[in-house]
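Student: Got a sequence here, can you build the structure:
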Amino acid sequence: MKISKNRRLKDLQNEFSSFFPFLRIEFYRNPHLEGMSSDKNEVLDPELKVGEVCDLYTFGFMPLNGYQKVGNFEQLFAKTFGLNVQVFRKSYGKWLQTWATDIWTLEEQNDRGRIMGNKTA
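Tutor: Sure, this is the predicted structure:
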């Protein structure tokens, strides 16, 4: 995923979801601790550009590797680009933060979303 100061957060979200259709990412003002959820009041407007959220002077690429653990993916995003991200998974028709399963890989999360995403409770 290409990260540059002129890309909108929603473009990064769409690109991520094109690789993992049963997952989504949200961007936040402040970081969250590993194993903790993010506060919904901290969600950033997806219309914002990366350069409006962080001091990114260059561009780079964020690998979208299905074997990467969710927690590592979120930490790498913050460390490399200064963007606080939280991965969500579809479950029973709702989007849930994956904080309790950050040790799962992106592919494992996506597979679980495929199985459980549209089921009803």
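Student: what about the chain, any weak spots by pLDDT?
Tutor: Across the chain, the ranges flagged by pLDDT under 70 are 32-37, 56-58, 119-121.
Student: quick one, helices of it?
Tutor: 9-19, 50-53, 70-81, 106-116 (DSSP state H).
Student: Redo these as a markdown table? Include distance to residue 60.
Tutor: Placement of C-beta: from N, CA and C, glycine included. Shown next, in a markdown table, are those (distance: least, Cβ to Cβ, whole Å):
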| stretch | distance to residue 60 |
| --- | --- |
| helix 9-19 | 12 |
| helix 50-53 | 11 |
| helix 70-81 | 6 |
| helix 106-116 | 19 |
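Student: Would you tell me which of those helices gets closest to residue 96?
Tutor: helix 106-116 (9.2 Å; Cβ to Cβ).
Student: so who does residue 10 touch?
Tutor: Counting by Cβ atoms under 8 Å, 6 or more residues apart in numbering, residue 10 touches 46, 47.
Student: how close does it get to residue 29?
Tutor: For residue 10, the distance to residue 29 equals 17 Å [Cβ to Cβ, to the nearest Å].
Student: mind checking which of the helices of the chain is nearest residue 91?
Tutor: helix 106-116 (4.8 Å).
Student: Put the alpha carbons of that closest one into CSV.
Tutor: Presented in CSV, the C-alpha positions along helix 106-116 are these (Å, rounded to 0.1, in the frame of the first residue of the first chain):
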residue,chain,number,x,y,z
LEU,A,106,-4.4,-10.6,8.9
GLU,A,107,-5.3,-13.7,6.9
GLU,A,108,-6.7,-15.5,10.0
GLN,A,109,-8.7,-12.4,10.9
ASN,A,110,-10.0,-12.2,7.3
ASP,A,111,-10.9,-15.9,7.2
ARG,A,112,-12.8,-15.5,10.5
GLY,A,113,-14.7,-12.5,9.1
ARG,A,114,-15.6,-14.6,6.0
ILE,A,115,-17.0,-17.3,8.1
MET,A,116,-18.7,-15.2,10.8
